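Take this sequence and fold it.
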Amino acid sequence: MTTFERDAKTLDTPWPFTGREDELELVRGSLSAARNGIVITGPAGCGKTRLITEAVRGSDRVRVAGTPETRRIRFAAFAHLVPESASLHGAFQHLSGVRLLLVDDAHLLDDASAALVHQLAVHGRTRLLVVTTDGAPVPGAISRLWTGELLPRLTLEPLPREETGRLLAGGRDGDGPEPLTVNRLHRLCRGDLRLLRDLVVGARERGLLSRVPDSDAWAWRGPVPVTPAVRERTAHVLGRTCPDERESLERLAFAEPLPLDLAAFPLRALEQLEADSLVHVDDRGAVRLAHPLHGPVLRAAAGRLRARRLSRTPDQCGPALDAERAELIRRIEEADVRDMPTPVGEWLVAEGAPVPAGYAAVRARFARLRGELREAAAWAREGLRDSGDDPSCRLELALAAAQSGDAPAAHKISGGRSHGGGAVTRPTAVRGAADGAVEAITGDAYDAVRLGAPERAAGRLTGVFAAHAAALHRGDGPALDRVAEELEERGFLLFAAEAHAQAVRAHRDPRAARTARTRAVALARRCQGARTPALSGLVLGELTARQRQIVNLAAAGLSNRQIAEKLTLSVRTVGNHLYSAYARLGAGDRGALPWLVELPDARSA
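The predicted structure is shown next:
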């Protein structure tokens with residue numbers, strides 16, 4: 001990978017608003033007629049202020065905010081709106097003409113300002129958008145807004161991993177971070193979008209971002225940039241003055257990615273660190289740092305000599321990496337691919353160290369079986385980065401491409417060999433330690449079921465995979481839904497989506513078919529661009545007549561302008577219809593449409 005300078009404009013604030021569409025509609029709805037507003041709570045940095053900014057864009061409003069420095073100053077938040085000597089009644093009267101009031105950082109309001117906000121909510125003439133941070137002490141007058149049922153409360157969850165990736169890509173599907181970088185940033189930031197931006201900008205300024213070969217994606221490998229903002233967020237760790245506590249934290253930091261035993265630490269120091277939520281001790285007595293950001297920062301602050309003495313080299317992780325690989329294989333063999341931690345492999349990737357091809361191929365296989373196709377391809381590329389032309393990694397890369405609907409790329413990657421994944425008809429299982437498991441799950445027999453030919457799998461499958469073949473052979477919609485639920489429970493999200501999609505066609509009850517379609521769509525959206533034959537035509541019925549007409553033309557290869565001319569519409573109207581259709585179809589862009597509509601000509605267009 002080669003270092004590159006990312007266009008600064010794509011990293012400047014504000015980043016595009018993404019991933020909060022449902023919450024945005026809820027907030028906007030709270031400001032409609034006969035509604036008094038809403039309280040929004042959530043962890044620090046999760047995008048609460050950005051959400052309300054988007055919700056009131058273009059509206060007349062007044063904004064106030066609490067600050068730590070003014071909590072003891074009467075009516076400090078409203079100093080620009082009410083006289084210094086005003087009483088509560090007088091302050092209320094001064095705000096009688098305000099129709100929409102934004103109250104940011106309400107947990108930091110002085111008592112008089114908090115009481116004023118409460119009175120505005122009681123009288124209901126002013127619509128309120130009130131924002132507080134979870135875990136912080138809140139004035140009683142503010143907490144009573146929701147406990148007293150004056151206003152509804154929306155708890156904002158951290159942005160999911162997929163939406164974090166879209167945010168980093170500028171709201172687009174291309175030119176964003178590759179999946180392993182998204183995973184690392186999501187893990188380090190834990191939903192803090194301000195920290196997310198700071199890490200990306202810091203990595204760019206230090207030349208740590210690299211372009212992925214033959215791709216528009218970029219990757220981050222190497223150390224965490226210890227920017228002033230990162231230091232500020234970890235000051236409570238770096239500032240520990242007790243020698244035993246600081247020694248314990250540094251030993252944990254340099255032991256990563258492996259935990260240390262409880263007996264290796266001074267007990268009093270460890271008890272205090274645990275009480276301060278800086279370390280975590282599991283049921284087996286293994287100790288880890290509680291936050292993934294703390295280790296890199298402690299290592300960076302330790303000094304060269306101390307780092308040289310304590311540092312762990314990648315080759316010292318060999319036995320742990322082998323154990324991790326063995327556990328992945330065991331889970332595959334037991335048909336259980338639910339999410340499991342892989343800290344050693346992720347640490348090697350983050351450090352920019354070589355990842356053994358044998359491990360990378362198994363990790364890619366595990367991700368692919370979970371429906372994480374982009375992640376599977378990323379792990380396969382890691383295995384190929386230093387191993388040249390490892391056949392197992394190259395095959396996994398081809399399988400991920402095939403299940404993403406990119407048959408030409410899959411054929412090119414595999415060198416023309418036949419392979420599985422549902423996009424071709426003669427899959428071949430990977431030869432290796434987990435041959436039997438992979439053959440049972442993604443070999444010829446089960447691929448035949450996924451392709452709609454269960455008779456070819458007769459007597460060759462067991463467990464849930466055999467049940468899937470039998471239900472499909474009978475055309476039993478309810479049984480297919482039950483199979484899909486078990487597949488989902490075991491972590492096979494793509495297979496579950498396909499089983500629900502097959503149930504749509506098997507159900508005689510239209511209501512059951514609609515339910516199966518909804519479940520299939522929801523699962524397919526979590527499978528990172530999967531485009532398999534079983535998913536084709538999945539949700540066309542959810543579109544309006546005009547959307548269906550435009551989607552069919554777009555899937556056949558017409559541009560927005562050509563569609564506009566054909567249907568006597570404006571280009572902007574066509575674009576709006578396509579945008580709405582993408583959301584309903586679970587498609588990321590025009591290239592996905594041929595795989596999601598019932599249009600035989602489209603897939604060859």
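
mind listing the strands for the stretch 301-450 of the chain?
Taking DSSP state E, counting those that start in this stretch, the stretch 301-450 of the chain contains no strands at all.

What of the stretch 101-250 of the chain?
For the stretch 101-250 of the chain, the strands defined by DSSP E, counting those that start in this stretch occupy 127-133, 153-155, 209-211, 218-220.

would you turn these into a markdown table with distance to Asp276, mean neighbour count and mean pLDDT?
(C-beta placed from N, C-alpha, C; glycine too.) A markdown table is the format used below for these (distance: least, C-beta to C-beta, whole Å; neighbours: other C-beta atoms under 10 Å; pLDDT from 0 to 100):
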| stretch | distance to Asp276 | mean neighbour count | mean pLDDT |
| --- | --- | --- | --- |
| strand 127-133 | 19 | 24 | 94 |
| strand 153-155 | 25 | 15 | 88 |
| strand 209-211 | 34 | 19 | 91 |
| strand 218-220 | 29 | 24 | 93 |
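
Tell me which of the ones you listed lies nearest to Glu333.
Nearest to Glu333, of all these, is strand 218-220, at 31.3 Å by C-beta to C-beta.

starting at the chain centroid, how far to the closest one?
Relative to the chain's own centre, strand 218-220 is displaced by 16 Å; criterion: C-alpha atoms, centre = their mean, to the nearest Å.

And Leu116, how close does it get to Gln93?
According to C-beta to C-beta, to the nearest Å, Leu116 and Gln93 sit 11 Å apart.

and those two? which has more neighbours close in?
Leu116 (28 against 12; other C-beta atoms under 10 Å).

pretty sure the more buried one contacts Val98?
No. No contact is recorded between Leu116 and Val98 when judged using C-beta atoms under 8 Å, the distance being 11.2 Å.

check contacts around Leu373.
The contact partners of Leu373, by C-beta atoms under 8 Å, 6 or more residues apart in numbering, come to Ala367, Ala400, Gln403, Ser404, Leu494, Cys527, Gln528, Gly529, Ala530.

Those in helices, which ones?
With DSSP state H as the criterion, helices contain Ala367, Ala400, Gln403, Leu494 from among the contacts of Leu373.

Lowest-confidence one in those residues?
Of all the ones in helices among the contacts of Leu373, Gln403 carries the smallest pLDDT score, 86.

That residue: neighbour count?
Counted by other C-beta under 10 Å, the residues lying close to Gln403 total 27.

Surely it is in contact with Arg368?
Yes. Using C-beta under 8 Å, Gln403 is in contact with Arg368, at 7.0 Å.

Which helix or which strand is home to Ile52?
For Ile52, the host element (DSSP states H and E) is helix 48-55.

Which residue comes closest to the residue positioned nearest the centre of the chain once chain neighbours are left out?
Among the residues of the chain, the one closest to the centroid is Arg161, at 1.2 Å (C-alpha atoms, centre = their mean). Excluding the flanking residues, the one nearest Arg161 by C-beta to C-beta, 6 or more residues apart in numbering is His186, at 4.7 Å.

What distance do you get for the one you found to Ala235?
Applying C-beta to C-beta, the value for His186 to Ala235 is 23 Å.

same thing with Arg63?
29 Å.

More neighbours: which of the two?
Taking other C-beta under 10 Å, Arg63 and Ala235 do not tie; Arg63 has more neighbours (16 against 10).

give the contact list for the more buried one.
Residues counted as contacts of Arg63 (C-beta under 8 Å, 6+ apart) are Leu101, Leu102, Asp104.

Redo the residues you listed as JSON lines? Include distance to Glu333 and pLDDT.
Formatted as JSON lines, those follow (distance: C-beta to C-beta, whole Å; pLDDT from 0 to 100):
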{"residue": "Leu101", "distance to Glu333": "60", "pLDDT": "95"}
{"residue": "Leu102", "distance to Glu333": "55", "pLDDT": "95"}
{"residue": "Asp104", "distance to Glu333": "53", "pLDDT": "94"}
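
which of these are buried?
Among these, those classed as buried by neighbour count (16 or more other C-beta atoms under 10 Å) are Leu101, Leu102, Asp104.

which residues touch the second one?
Right, the one you point to is Leu102. Residues near Leu102 by C-beta under 8 Å, 6+ apart: Ile52, Val56, Arg61, Val62, Arg63, Val64, Leu129, Val131.

Which one of those residues is nearest to Gly176?
Lowest distance from Gly176 to those (C-beta to C-beta) belongs to Ile52, with 25.9 Å.

Quick check, the closest one in contact with Leu129.
Yes. Counting by C-beta under 8 Å, Leu129 is a contact partner of Ile52 at 4.8 Å.

shared neighbours of the two, which are they?
With C-beta under 8 Å, 6+ apart as the test, Ile52 and Leu129 both reach Val27, Ile40, Leu102.

Thr234 and Pro223: what is the separation?
Distance, Thr234 to Pro223, using C-beta to C-beta: 14 Å.

who's more crowded, these two?
Thr234 (19 against 16).

Next, work out how far apart that one and Ala76 are.
Thr234 sits 30 Å away from Ala76, going by C-beta to C-beta.
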